[in-house]
Structure formats: C-alpha cells, structure tokens
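Visitor: what's the 3D shape of this:
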Amino acid sequence: MGITFLADALGMARSKGTIIICGVASAALTARYLGPAGSGAYAGLLVYPGLFMSLGAMGVRQSSAYLLGRKAVDEVSLRYAIFNVWLGTALLTTVISWLLISNFSSFHGRWETPLAVAAIPFSLYASYISGIYLGQNRIGKLNQVDWIPALVVLGANIVFVAVLKLGVPGALLAQLAGPVVIFAIVAVRNPISFRGYRFQPDVMLQLLRLGAVYALSMLVINLNYRVDLILLDRLSTAAELGFYSKGAGLTQYLWQIPMLLSTIVFARSANASDDLDFSRKVARLLRMSILIIGAGSIALFLLADWIVNVLYGAVFSRSAEAIRILLPGVLIMTIFKVMNMDLAGKGKPWVAMFAMLPALAVNVGVNLLLIPSMGANGAAWASTISYSIAGMAFAVVYSRVVGLPLSEMFRFRRDDYDFILHRLRLR
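Guide: Coordinates of the predicted model:
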C-alpha cells in the first residue's frame, strides 16, 4: 500500500518539532550555565567530530537507501556489509578526530578530547542502519533515529550541566548520551547473527564505491557549514565563537523545514520511475519551503534580540547581530537543501560539488579577511555570502542536470497550494 507524502511529512514534522524543541532547550541551558566562553569551547570541541562524521559515514546511509530502493542488493547482505564497514570507519574517524582536536583546537584537555570523540562510533552505526529504513520508506523508524537522541541529550543536559554543574565536560557527556541510547535501540532491533556471519566484500564494494562519492560531497558541504567555527577558534576568542555558534544554531533550525521534506524526497527519488516528473514535484516543495522559511526569517530578524535574551541571556546579545546577518544566506541556501536530496536520491551526489566547492573557497577567504577585525559578525558575513553563492549556483546546475528550466522551478502556480490541501503522492 502506497504511503502518501502528506502522511510521511506529518510524521517527519512531529520528529523535527521534537528535535527543534529539545535542541533549543539544550542550547538555552548550555548557554545559561556555560556562558559565552564555555559555549565557544563546547562548539569548538565538537567541530572536528561533526565534520569527520560525514567522512566516516562514507555516504553509507545514502548509498544503502539507493541500493535498496533500486533493489540492487538484498537486506540481509546489506546488513552484514554495513557492519563490516562500520568496524573500520568508526575506528578511523575517531582517531582522526582525536588527532585534529589535540593538534589544532584551543580547547583540548584530559577529559574534553575523549568525551568529544566518544559519540562517533555510536552515531555512525545508527546512521548506517537508518539507510535501510530510508531505502524501505520506513519513515517512522527513520524519525526515531533522529528525535530520540535529541530528547536524551536534553535530559542529560539537565542532569550533568544544570544539576551537577559539570561545565563543558558535562555538556559533552550529555552529547554522548543521545548516540549511546539510539545505538542500543538500533542494535537490539537489528541484531547481527554471527552464526551466519558473512564478510560480503562485493556488497561492501558497492556501498563504498557509491558511498565514497556521497561522503566526499557531504564532507565539502559540512566543511562549508563548519569552517567558520574552525577559523574562529584559530583567529578569535572563545567568547566570539560562543556568540556565533549560538546565533548560527538558531538560524539553522529554519532548515529543519525543508529537511523534513528532503528526507522523504530522497527516499522517493531513489524509487521514482519518472525522474523529470518527480523533479517537478520537488520544485513545488522548494517553492513552498521558500515561502515558509521566508516568513520564518522575517520573524526571526525582527525578534532576534528578544529571542536571544529569553533563551541565552543578555550576555549573548552579540548573537542577535550574527542571526540577522546570516538570515539572507540561510534563505537562499534552502534551494540547495531541498533540491540536492533529489539528485542524491538519483545517485548523483557529486553534482553538489559544482556549487559547494566555489562557495567553500569564498567562505574561507572572507572568513580570513573579516574574522580578525569583526569576530562573530565576520564569520556570519562569510557564511551568508557563501550560502548565497552555493544556493544560486546549485539552482543553475540542478536545472541543467534534470532538464527543468529555472523559470519552472521558481514560478509560483495556483495549484502549488494543492500540496497542502490534497494528498500528494511522490512515487
């Protein structure tokens, strides 16, 4: 029985709503108890693990979904291959992140460094297995992999940061708790039978051949999101890093709107029989996302001072300035957020590089120019310029790759609102 897009979207909306509420509450709590400098140290310690998670993930989630969606492999063989890949990538990514924090971060310490990297193996395994859910269109199971860790992290922050007052190590412990819990749940639900264990080198090769392209693409994309944090760590103060990380964190919650759609888009794109027709439907989702995020951006621009004061306190007033600078880029980047999942679902993740590599180069250059004199605001300007370039460039590239004119992508139609009023099947 076909599952309507609207039903999946509502389930995903509940999941993303939980993630946003828990994420904002956790950010507010850590801001109040850690202050700007502590918040900066916390963000700086998690930069490299977050960045190299995308490399360690090796695109296994996306390639698993693609291979299952196209029925190129069976589920049992895929599970063994995923387990084998995980053993190697978890170790490699953890070691690389540890070395980078120890040698390039200003905030490494006896307890901080191991706590910062400890979550990597647990997060990777859950991410890998969620690719099976994605390929099977089991959106409900996929949602749980996303919202359960966010809820656990919030509870752990209350205990370790607010009650026990463990500072930055406490916040890192809380960040570790979420991946550990979801790992336990996923491992129980998807046990590996070692009695019938198989190495599956052919399936592993398929996973890694396609996954390596996804991984490289995701590494470039995530580097574009995180290079400002790395350069703030090197060129400015912990407080400036704290101001920026809290402001950027709030603006990026706006992306949860297209992300709740794009996950479903990827799953349906991997199974779509008419690629061009599907891309037209994705363009409709883009137009609706632009409207919603545009309204949210205006509200956040006007209320930034009040929101920051309520959530983080007056000491974080500089974060409101960063928010206003970031919002135009966040809105334009929505183009990439929605449309890239369609191409990734079609097995073409490499297309993103045509937009993201130039944007990354601009991001680094502007950050180097502005951070020494402007701190958090300089990083915000670099990001909004980079995001704008990436979004506009990707629109052109996407149009050419799928054969959909730009005018058709962005021209609003009266029947666009059928997306909300009727059941739309993206199959």
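
Visitor: any low-confidence regions in the stretch 301-427 of the chain?
Guide: Applying pLDDT under 70 to the stretch 301-427 of the chain flags residues 345, 416-427.

Visitor: now do the helices in it.
Guide: 317-345, 353-374, 376-402, 406-410, 418-421 (DSSP state H, counting those that start in this stretch).

Visitor: same check on the stretch 1-150 of the chain?
Guide: 5-56, 60-69, 75-104, 112-117, 120-135, 139-157.

Visitor: hmm, back to that, tell me the most buried of the helices of the stretch 301-427 of the chain?
Guide: helix 317-345 (a mean of 24; mean count of other Cβ atoms under 10 Å). Yep, even glycine has a C-beta here, placed from its N, CA and C like the rest.

Visitor: other SSEs contacting that one?
Guide: On a contact count with 3 or more Cβ pairs under 8 Å, 6 or more residues apart in numbering; DSSP states H and E, helix 317-345 meets helix 60-69, helix 238-252, helix 256-269, helix 275-311, helix 376-402.

Visitor: turn the ones you listed into CSV, including distance to residue 135.
Guide: Output for those, formatted as CSV (distance: least, Cβ to Cβ, whole Å):
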stretch, distance to residue 135
helix 60-69, 3
helix 238-252, 27
helix 256-269, 7
helix 275-311, 16
helix 376-402, 21
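
Visitor: check those helices for me and report the most buried one.
Guide: helix 60-69 (a mean of 27).

Visitor: for that one, what is the average pLDDT?
Guide: When pLDDT is averaged over helix 60-69, the result is 77.

Visitor: okay, the angle between that helix and helix 120-135?
Guide: Put simply, helix 60-69 runs at 30 degrees to helix 120-135, going by axes from the mean of the first three to the mean of the last three Cα atoms, to 10 degrees.

Visitor: and helix 60-69, what other elements does it pack with?
Guide: helix 75-104, helix 120-135, helix 201-235, helix 256-269, helix 317-345.

Visitor: can you do 7 Å?
Guide: Here helix 60-69 touches helix 75-104, helix 120-135, helix 201-235, going by 3 or more Cβ pairs under 7 Å, 6 or more residues apart in numbering; DSSP states H and E.

Visitor: distance from the shortest one to the middle of the chain?
Guide: Centroid separation between helix 120-135 and its chain, computed with Cα atoms, centre = their mean, to the nearest Å, is 14 Å.

Visitor: one step back: ranking the helices of the stretch 1-150 of the chain by burial, who's on top?
Guide: Taking mean count of other Cβ under 10 Å, helix 60-69 is the most buried of the helices of the stretch 1-150 of the chain, at a mean of 27.

Visitor: contacts for it, please.
Guide: 73, 75, 78, 82, 85, 127-128, 130-132, 134-136, 206-207, 210-211, 214, 266-267, 270-271, 344, 347, 349 (Cβ atoms under 7 Å, 6 or more residues apart in numbering).

Visitor: hey, C-alpha coordinates of that helix in CSV?
Guide: Presented in CSV, the C-alpha positions along helix 60-69 are these (Å, rounded to 0.1, in the frame of the first residue of the first chain):
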residue,chain,number,x,y,z
VAL,A,60,26.6,4.6,3.7
ARG,A,61,23.1,5.9,4.7
GLN,A,62,22.5,7.4,1.3
SER,A,63,24.1,4.5,-0.7
SER,A,64,22.2,1.9,1.4
ALA,A,65,18.9,3.7,0.6
TYR,A,66,19.8,3.9,-3.1
LEU,A,67,20.8,0.3,-3.4
LEU,A,68,17.7,-1.0,-1.6
GLY,A,69,15.5,1.4,-3.4
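
Visitor: what angle sits between it and helix 139-157?
Guide: Using the same axes, to 10 degrees: helix 60-69 against helix 139-157 is 160 degrees.
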